[in-house]
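Student: Below: sequence and its predicted model.
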Amino acid sequence: MLTAVRSVCYVSAGIFLLRFVTDGTRLKKQAAFVMKLVFAVVFASAVIKGFMEFELPEISQYEASDYSQAADRYRKEAAEKAAENISDVLCSQLEAAGIDVKELQTEVNISEDGSIDISRVIVRSADPAAAAELIRKSLGQETEVINETD
């Protein structure tokens, strides 16, 4: 690119000098025409050379293993967000039922196929038995509910 810019500058300077030298002569138009042709050839060769040197990177150098960490991070973030959303919904249900909830944590696993598995719910409440019953009604009887005490 640097060589192309230098070549164009040199040819432009040559055109200027030729116009200056042939300003009052009969060869002015012919010399300007020849120098414009030279300028066009130099500019075109620089552009063509630039396109010839341009190469696309090989796709094989980017392997799926490079992106496995991103996929794991995405899965972890999705599990955390799903756990947060499920906890918010469960808290709302418990509050609507009149059960005072101090803290509620949901443990979530997301499998390779994208399905969400709620493995455990940890609840700290004034009425842990009623909270556990309502959580099992919402999530299923097989859900493990752990009641924490103060």
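Tutor: Ah, there it is.

Student: any weak-confidence spans in the chain?
Tutor: Where the chain drops to pLDDT under 70, the residues are 1, 4, 49-68, 149-150.

Student: Show me which parts of stretch 37-52 are buried, residue by residue.
Tutor: 39, 42, 46 (16 or more other Cβ atoms under 10 Å). In short, each C-beta sits where N, CA and C put it, glycine included.

Student: residues making contact with it?
Tutor: Stretch 37-52 has contacts (Cβ atoms under 8 Å, 6 or more residues apart in numbering) with 1, 3-5, 7-8, 11-12, 14-15.

Student: hang on, the earlier thing: please identify which of the buried residues of stretch 37-52 is nearest to Thr25.
Tutor: Closest approach to Thr25 among the buried residues of stretch 37-52 (Cβ to Cβ): Phe39, at 20.3 Å.

Student: How far does the host helix or strand of the closest one sit from its chain's centre?
Tutor: Counting by DSSP states H and E, the element that carries Phe39 is helix 28-53. Put simply, helix 28-53 sits 42 Å off its chain's centre (Cα atoms, centre = their mean, to the nearest Å).

Student: Moving C-terminal from it, which element do we reach first?
Tutor: Counting by DSSP H and E, the next helix or strand C-terminal to helix 28-53 is helix 68-96.

Student: How far off centre is that next one?
Tutor: Centroid separation between helix 68-96 and its chain, computed with Cα atoms, centre = their mean, is 22 Å.
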